[in-house]
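Undergrad: Could you look at this predicted model? Sequence included:
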Amino acid sequence: MDQFLEVFHSRHSMLWEKIWEHLQISVISLLIAVVIAVPLGIALTRLKKIAEPIIGITAVLQTIPSLAVLAFLIPFLGIGRQPAIVALIAYGLLPILRNTYTGIKEVDPALKEAATGMGMNTFRRLSKVELPLAMPVIMAGIRTSMVLIVGTTTIAALIGAGGLGELILLGIDRGGEINLILLGAIPAALLAILLDFILRIVERYSAKSGFQSLAAVLVAAVLIIVGPLLAGKMTQEQTDLIIGGKLNAEPSILINMYKILIEEETDLNVKLEEGLGKTSFVFSALQEGSIDIYPEFTGTAIVTHLEEQAVSNDAREVYEQAKKGMQDTYDMAFLEPMAYNNTYTIATTREFAEENGLETISDLNSIDDDITAGFTLEFNDREDGYQGIKELYGIEFGDVRTMEPGIRQEAIDSGQVDLIDAYSTDSYMVELNLTSLKDDKQLFPPYQGAPLMRRETLDRYPELENILNQLGGKITDEQMREMNYQVDYEDKSYEEVARNFLKEQGLIQ
């Protein structure tokens with residue numbers, strides 16, 4: 001408890017900001033879902049032949065994995081709140097639509113006939129009889145939808161939309177730091193309880209006053225939640241460049257270096273989008289134009305984006321291959337790479353390596369059936385990852401468990417897995433006393449980080465090439481590992497670590 005309170009005290013300002021972002025995204029999504037689903041549900045009670053097919057379509061939308069929906073929307077809507085809200089609306093439609101349709105359909109036909117006999121037209125009968133009687137059922141659907149939306153909003157952090165998911169992802173990224181995870185998860189649960197309590201009060205009054213009370217609450221919510229959001233957009237400072245980064249300390253440190261260098265030497269205003277998640281998310285955002293620059297690895301560009309194999313293991317040749325391929329295929333500019341090589345490695349504890357006489361990946365052949373491996377989803381599916389290990393080394397492990405990057409170090413530290421995929425500059429390699437197995441058949445190509453941007457961005461701001469190329473050939477493996485350690489284990493900010501390094505290198509004053 002003391003550690004949790006310490007984390008709360010150090011991050012309370014961030015916590016309130018993320019709670020507000022989470023509330024905005026959730027409530028906006030719920031409001032739009034209500035505005036769509038309630039009228040549609042009412043219309044379907046008059047169009048019964050198409051009612052079940054329409055409701056079935058919304059049911060199918062809810063079965064699609066949320067990450068898949070986000071990945072699909074990025075090319076059309078970019079990153080940030082827009083795709084997150086659209087995905088959440090899709091998840092929130094079914095309970096509201098189904099309950100609206102069911103609630104109105106099950107109103108006693110005798111009461112409808114009586115209302116018609118009293119001279120009420122269709123609209124008055126709906127507003128004075130059907131909706132008031134159906135409101136408890138409709139509100140139950142809205143409450144269910146709200147809980148779904150608040151819970152699912154945590155994934156919005158993966159595409160730069162903010163919210164409490166950022167704290168949860170940060171905790172996972174830092175080796176399953178439970179207090180950070182709880183700092184995000186507990187407020188999310190409390191937020192769902194609070195909103196459910198408010199909607200329960202609305203439900204109680206709506207049973208008497210009908211749809212008017214719900215409409216009043218919707219209007220109030222729009223004014224309270226959406227108003228400040230719109231006002232903030234109107235006063236927001238003009239942004240010239242948006243620099244994005246994948247989920248982890250390393251890309252976040254690098255993009256802060258980019259921002260500092262650019263703003264020191266130009267009048268451009270730079271915005272950062274940190275922790276955007278998987279490679280595919282960030283690259284899609286660059287293609288779509290939601291971000292202008294992000295640090296990418298030469299090996300990733302070749303294997304993942306170009307779907308090729310590296311021509312050699314020479315770092316310069318790999319960079320030239322990646323640079324030419326990204327230019328020819330995507331019209332993108334790949335600037336000069338840094339010195340460090342954050343290549344994949346197979347890591348295990350020193351004790352396990354000594355017990356089994358492991359020095360190289362090939363040494364795993366004799367015990368592969370007995371090994372439990374913990375791999376990230378990305379590594380497990382890559383040709384320069386586990387698929388390549390099976391093909392080149394002829395090794396297939398007895399049990400492979402896929403997991404998020406931050407979970408794998410917790411898994412090996414607790415003995416749940418015997419080995420993991422890792423990067424050579426990961427700070428936990430030192431913290432957990434892990435050892436790397438030599439890639440004796442040279443499966444993993446060089447992975448040097450370099451700024452990747454669309455050619456049109458460089459054409460618009462040609463000065464960026466000289467500015468960002470100042471980092472070319474700098475940052476060794478040891479320096480990158482140390483900077484990652486300062487963020488992950490000493491809790492320093494990305495900006496502080498980036499600025500200190502640039503000062504040490506004489507790149508800024």
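TA: Done, it's in.
Undergrad: Show me where this protein dips below the pLDDT cut-off.
TA: By pLDDT under 70, the low-scoring segments of the chain are 173-176, 206-237.
Undergrad: how is it carved up into domains?
TA: 2-235, 241-341+446-504, 344-437 (automatic domain parsing).
Undergrad: Settle this for me: P337 is touching Y447, isn't it.
TA: No: taking CB atoms under 8 Å as the definition, P337 is not a contact partner of Y447, at 9.4 Å. (Each C-beta comes from the backbone N, C-alpha and C, glycine too.)
Undergrad: what about S290, is that helix, strand or coil?
TA: Three-state call for S290 (DSSP: H, G, I helix; E, B strand; the rest coil): coil.
Undergrad: What of the one 4 residues further on?
TA: Y294 falls in the strand class when you classify it by three-state DSSP.
Undergrad: how about the nearest residue to it once chain neighbours are set aside, phi and psi?
TA: Nearest non-adjacent residue to Y294, counting by CB to CB, 6 or more residues apart in numbering: G244, 4.4 Å away. In terms of degrees, to the nearest 10, the main-chain angles of G244 are phi -110, psi 160.
Undergrad: and G244, what is it in contact with?
TA: Applying CB atoms under 8 Å, 6 or more residues apart in numbering to G244 gives the contacts 79, 160, 255, 272-274, 276, 282, 285-286, 290-291, 293-294.
Undergrad: Try it again at 7 Å.
TA: G244 makes contacts with E273, L276, V282, A285, I291, Y294, as judged by CB atoms under 7 Å, 6 or more residues apart in numbering.
Undergrad: Quick check: bridge partners of it?
TA: Residues in a beta bridge with G244, per DSSP bridges, are E273.
Undergrad: hey, what's in contact with both of P337 and Y447?
TA: Jointly contacting P337 and Y447 under the rule CB under 7 Å, 6+ apart are T298.
Undergrad: Just give the nearest non-adjacent residue to L358, would you?
TA: Nearest residue to L358, sequence neighbours excluded (CB to CB, 6+ apart): L437, at 5.9 Å.
Undergrad: Within the helices and strands, which one has the one you found?
TA: strand 434-437 (DSSP states H and E).
Undergrad: Which neighbouring elements make contact with that strand?
TA: Contact partners of strand 434-437 among helices and strands, from 3 or more CB pairs under 7 Å, 6 or more residues apart in numbering; DSSP states H and E: strand 344-349.
Undergrad: Relative to the strand it packs on, what are the paired strands and their orientations?
TA: Sheet pairing here is set by DSSP bridges, and for strand 344-349 it gives strand 419-423 (antiparallel), strand 434-437 (antiparallel).
Undergrad: so who does the residue nearest to F352 when sequence neighbours are not counted touch?
TA: In space, and not counting its chain neighbours, F352 is closest to D418: 5.9 Å by CB to CB, 6+ apart. Applying CB under 7 Å, 6+ apart to D418 gives the contacts T348, F352, I371, T372, A373.
Undergrad: Okay, strands next: where are they in the stretch 151-300 of the chain?
TA: Assigned by DSSP state E, counting those that start in this stretch, the strands in the stretch 151-300 of the chain fall at 241-244, 270-273, 293-297.
Undergrad: Starting from the top helix by length along the chain, tell me the next helix or strand along the chain.
TA: Assignment by DSSP state H gives helix 12-46 as the longest helix of the chain. The element immediately downstream of helix 12-46 (helix or strand, assigned by DSSP H and E) is helix 48-63.
Undergrad: State the next helix or strand along the chain beyond that following helix.
TA: For helix 48-63, the following helix or strand on the C-terminal side (DSSP H and E) is helix 66-77.
Undergrad: For A373, grab phi and psi.
TA: Main-chain torsions, A373, degrees, to the nearest 10: phi -110, psi 140.
Undergrad: Make sure it is actually in contact with V400.
TA: Yes: the pair A373 / V400 is scored as a contact, 4.9 Å apart, by CB atoms under 7 Å.
Undergrad: Out of the strands paired with strand 344-349, flag the one nearest G406.
TA: Of all the strands paired with strand 344-349, it is strand 419-423 that lies closest to G406, at 11.5 Å by CB to CB.
Undergrad: Contacts for stretch 322-330 next, please.
TA: Contacts of stretch 322-330 (CB under 7 Å, 6+ apart): T298, A301, I302, H305, L306, E308, M332, A333, F334, L452.
Undergrad: Looking at the residues you listed, which one is closest to V7?
TA: L452 (34.4 Å).
Undergrad: since we're on that closest one, how many residues are nearby?
TA: Applying other CB atoms under 10 Å, we find 25 residues neighbouring L452.
Undergrad: So it, which state does it fall into?
TA: strand.
Undergrad: nearest residue to it other than its sequence neighbours?
TA: E296 (4.2 Å).
Undergrad: for Q3, same thing?
TA: N179 (5.3 Å).
Undergrad: Check which residues of stretch 487-505 are buried.
TA: Across stretch 487-505, burial judged by 16 or more other CB atoms under 10 Å covers V487, D488, K492, Y494, V497, A498, F501, L502.
Undergrad: List just the nearest of those to D240.
TA: Distance ranking of those against D240, using CB to CB, places A498 first at 19.3 Å.
Undergrad: List of residues touching the helix or strand hosting that closest one?
TA: Element membership for A498, per DSSP H and E: helix 494-504. Contacting residues not belonging to helix 494-504 are listed as S252, I253, N256, M257, I260, L261, M483, Q486, V487, I508 [CB under 7 Å, 6+ apart].
Undergrad: need the helices for the stretch 201-350 of the chain, in chain order.
TA: Secondary structure of the stretch 201-350 of the chain (DSSP state H, counting those that start in this stretch): helices at 211-221, 227-235, 249-265, 279-288, 298-300, 315-330, 350-356.
Undergrad: quick one: which of those is nearest A84?
TA: Closest approach to A84 among the helices of the stretch 201-350 of the chain (CB to CB): helix 279-288, 11.9 Å.
Undergrad: chain center to the closest one: distance?
TA: With CA atoms, centre = their mean, to the nearest Å as the basis, helix 279-288 stands 12 Å off its chain's centre.
Undergrad: what angle separates it from helix 315-330?
TA: Angle, helix 279-288 to helix 315-330, by axes from the mean of the first three to the mean of the last three CA atoms, to 10 degrees: 50 degrees.
Undergrad: So for this structure, the centremost residue is which one?
TA: Nearest to the mean C-alpha position of the chain, counting by CA atoms, centre = their mean, stands L158 at 0.8 Å.
Undergrad: L44: what's it in contact with?
TA: Applying CB under 7 Å, 6+ apart, the residues contacting L44 are A51, I54, Y101.
Undergrad: between these, which has the most around it?
TA: Y101 (27 neighbours).
Undergrad: is it fair to say that residue lies in a helix?
TA: Yes: checked against three-state DSSP, Y101 lies within a helix.
Undergrad: gap between it and E52?
TA: Taking CB to CB, to the nearest Å as the measure, Y101 falls 9 Å from E52.
Undergrad: E383 now?
TA: From E383 over to E52 (counting by CB to CB), the distance is 45 Å.
Undergrad: Make CSV out of the buried residues of stretch 487-505 and add distance to T266.
TA: Output for these, formatted as CSV (distance: CB to CB, whole Å):
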residue, distance to T266
V487, 26
D488, 31
K492, 26
Y494, 21
V497, 22
A498, 17
F501, 20
L502, 15
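Undergrad: Which pair of those spans the longest distance?
TA: Between all members of those, the farthest pair (by CB to CB) comes out as D488 and L502, at 19.8 Å.
Undergrad: need the strands for the stretch 351-500 of the chain, in chain order.
TA: Under DSSP E, counting those that start in this stretch, the stretch 351-500 of the chain gives strands at 372-376, 399-403, 419-423, 434-437, 449-454.
Undergrad: how far does the shortest one sit from the chain's center?
TA: Right, the one you point to is strand 434-437. Offset of strand 434-437 from its chain centre (CA atoms, centre = their mean): 29 Å.
Undergrad: could I have that strand exported to PDB, CA atoms only?
TA: Backbone C-alpha positions of strand 434-437 (Å, rounded to 0.1, in the frame of the first residue of the first chain) are rendered in PDB as follows:
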ATOM      1  CA  LEU A 434      20.100 -12.100 -18.300                       C
ATOM      2  CA  THR A 435      22.500 -13.400 -20.900                       C
ATOM      3  CA  SER A 436      22.100 -13.400 -24.700                       C
ATOM      4  CA  LEU A 437      22.600 -16.500 -26.800                       C
END
